[in-house]
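Engineer: Fold the stuff below for me.
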Amino acid sequence: MRISVIGTGYLGATHAAGMAELGFDVLGVDNNPAKATALAAGLVPFHEPGLPELLSGHVSAGKLRFGTSLPEAARFADIHFLCVGTPPGPHGAADLSQLYSALDGLVPHLTRNCLIVGKSTVPVGTAEALAARIAELAPEGISVDLAWNPEFLREGHAVHDTLHPNRLVFGVTTPDAEWALRQVYATPIAGGAPVVITNLPTSELIKVAANAFLATKISFINAMAELCELTGADVTQLADALGHDDRIGRKFLGAGLGYGGGCLPKDVRALIARAGELGASESVDFLRDIDAINVRRRERVVDMTLELLRGNGRRPRGRVGILGVAFKPLSDDVRDSPALDVAVRLQAAGLEVTVFDPAATTPARAVAPQLVYAATAAAALHEADVVLHLTEWNEFRELDPVFLRSVVRGGILIDARNTLDPTPWLAAGWDFRALGRLIESDASTTAPASIPVRDYTAARARMRRAQPEVPGAPTDSALTRLRARVRRTA
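Structural biologist: Residues are numbered from 1 along each chain as shown. Have a look, this model is predicted:
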């Protein structure tokens, strides 16, 4: 069997290289000539560890090539993977125009029976509509099956996840489609990858449901971090304790700046939009709160920084050095990046903002040219009054706090990802702050200054005016005494 991969962005380029690695002859097709030319030369136009070597090796060996012609793909392949983008529209719903465009350019030119496999993330019900479109366009006498095989790639680990998937989902309508997909993935199946055979709607829903659940887990622990900041509790210890329950698990319980990227935010909003189209808005109302909690963590870091640099009620002034603007480490993706969002907001508030990221400088500069970009971490932190750790690259854990303390002006570090060890930073004289963590800077029994407690007095007063009194509810004074006791015994 020969394979075409239509759409060679992050998903498609990785999938094409992975299929070549599994032994197939592969043709990648993209409507962007510059991208197709770069890939044909063995060049990957984004950061993904291990992919440049894999792709260039198979291009050189002749197993993998790229072009722009859908009719050529129709003549070439027995199986066509759809890997085009489904970006969010104005109201969060997925834009499916690239999918329909790919089918319109491919199906009329088919010369033999084949299988079309969707990998793009789509709203439930999309495959059924696409199958009807394929039936309209297919040449007479040509039989075309449609299957859905959602991707579960983690940026930074996409090559491994393609070749060693933790599960394979096949949404199929015929035994022939299942057989063909089992041949494509014979190697990982032989290696123990579990296979889930299901119908088209279930396979579509699995991907968005998985991302919505992960987003829920992240926002839950960030909601707990807000409570920790109010009471003097430690969210990292809380997460560790929760993680010992195997029904919960420790993964994705890292409180901090929240999620971003091109999948979780988009898929949560698309699921909300699709539920509304189906008349089931109330079933996913909680996802709106999940999204709101996530955005609020960015606002929290911005507020903390502005409060530190305001001083005596004046307009905030000063310089901020930022470590990381990619939405996650091992990636140069800045789509809906919490880190870049925080940097842009601080710059818009009138602060001088300089950023450093090991991989994302070029894409970040294209999105936010108003920021200053440094070539090293030390250059980004030079004369900074406040330092923000916003993307948890491993190299940031290896920075020298003593040297950097001599570079900065203010010596305040906010670890917005809760992944740095505070001990060496405190020992080097830094004022180390974090989100929802207890940072023990000395043997004092007083509440640590690096966990600022927000003043919610005005907000509670507004809530009391808007809501009826609840019999037996604690009063403000009772809550104040409780927080005082917590601090004395912390």
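Engineer: Identify the residues contacting stretch 278-285?
Structural biologist: Stretch 278-285 is contacted from outside by 212, 271, 272, 275, using CB atoms under 8 Å, 6 or more residues apart in numbering. All C-beta spots, glycine's among them, are computed from the backbone N, C-alpha and C.
Engineer: Repeat the analysis, applying 7 Å as the threshold.
Structural biologist: 271, 272, 275 (CB atoms under 7 Å, 6 or more residues apart in numbering).
Engineer: who wins for most neighbours among those?
Structural biologist: Within the contacts of stretch 278-285, most neighbours by other CB atoms under 10 Å means residue 271, with 23 neighbours.
Engineer: Next up, the contacts around it.
Structural biologist: 208, 212, 284, 287.
Engineer: quick one: which of those residues sit in helices?
Structural biologist: Residues of these located in helices (DSSP state H): 208, 212, 287.
Engineer: Using JSON lines, lay out those residues together with pLDDT, neighbour count and distance to residue 195.
Structural biologist: What follows is those, written out as JSON lines (pLDDT from 0 to 100; neighbours: other CB atoms under 10 Å; distance: CB to CB, whole Å):
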{"residue": "208", "pLDDT": "95", "neighbour count": "22", "distance to residue 195": "20"}
{"residue": "212", "pLDDT": "96", "neighbour count": "22", "distance to residue 195": "23"}
{"residue": "287", "pLDDT": "95", "neighbour count": "18", "distance to residue 195": "29"}
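Engineer: List the ones among the contacts of stretch 278-285 that fall in strands.
Structural biologist: Among the contacts of stretch 278-285, no member falls in strands (criterion: DSSP state E).
Engineer: element containing residue 115?
Structural biologist: Taking DSSP states H and E as the definition, one finds residue 115 inside strand 114-118.
Engineer: packing partners for the very next helix or strand once past that strand?
Structural biologist: Where DSSP H and E defines the elements, the next helix or strand beyond strand 114-118 is helix 126-137. If contacts are counted by 3 or more CB pairs under 7 Å, 6 or more residues apart in numbering; DSSP states H and E, helix 126-137 sits against helix 97-106, strand 144-148, helix 200-231.
Engineer: which residues are in contact with helix 126-137?
Structural biologist: Residues contacting helix 126-137 (CB under 7 Å, 6+ apart): 96, 99-100, 103-104, 107-108, 116, 118, 144, 146, 148, 171, 200, 204.
Engineer: ChimeraX command for the buried members of these?
Structural biologist: Only the buried entries of the contacts of helix 126-137 go into this ChimeraX selection, using 16 or more other CB atoms under 10 Å:
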select :96,99,103,107,116,118,144,146,148,171,200,204
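Engineer: which one of the contacts of helix 126-137 is nearest residue 158?
Structural biologist: residue 118 (18.2 Å; CB to CB).
Engineer: Low-confidence stretches in the stretch 351-490 of the chain?
Structural biologist: Along the stretch 351-490 of the chain, the parts satisfying pLDDT under 70 run over 440-490.
Engineer: between the contacts of stretch 278-285, which is nearest residue 372?
Structural biologist: Using CB to CB, those come closest to residue 372 at residue 272, 36.5 Å.
Engineer: quick revisit: mind putting the ones in helices among the contacts of residue 271 into a markdown table with distance to residue 133?
Structural biologist: Output for the ones in helices among the contacts of residue 271, formatted as a markdown table (distance: CB to CB, whole Å):
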| residue | distance to residue 133 |
| --- | --- |
| 208 | 21 |
| 212 | 27 |
| 287 | 29 |
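Engineer: who are the neighbours in contact with residue 233?
Structural biologist: residue 227.
Engineer: thinking again about what came up before, just so I know, which of the helices and strands packed on helix 126-137 lies nearest residue 184?
Structural biologist: Per CB to CB, nearest to residue 184 of those: strand 144-148, 10.3 Å.
Engineer: neighbouring contacts of the closest one?
Structural biologist: 107, 110, 114-118, 127, 130-131, 134, 138, 170-172, 174, 176-177, 181, 200, 203-204.
Engineer: could you point out which element follows that strand?
Structural biologist: helix 158-163.
Engineer: elements contacting that following helix?
Structural biologist: helix 10-21, helix 51-61.
Engineer: hey, C-alpha coordinates of the next helix or strand after that helix in PDB?
Structural biologist: Scanning forward in sequence from helix 158-163 by DSSP H and E, the next helix or strand is strand 168-171. Extracted C-alpha coordinates of strand 168-171, given in PDB (Å, rounded to 0.1, in the frame of the first residue of the first chain):
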ATOM      1  CA  LEU A 168      -5.200   3.500  18.400                       C
ATOM      2  CA  VAL A 169      -8.800   4.500  17.700                       C
ATOM      3  CA  PHE A 170     -10.400   3.300  14.400                       C
ATOM      4  CA  GLY A 171     -13.800   4.700  13.600                       C
END
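Engineer: average pLDDT for strand 168-171?
Structural biologist: Taken as a whole, strand 168-171 has a mean pLDDT of 98.
Engineer: Same check on stretch 82-92?
Structural biologist: Here the average pLDDT along stretch 82-92 is 91.
Engineer: Stretch 295-314 too?
Structural biologist: 89.
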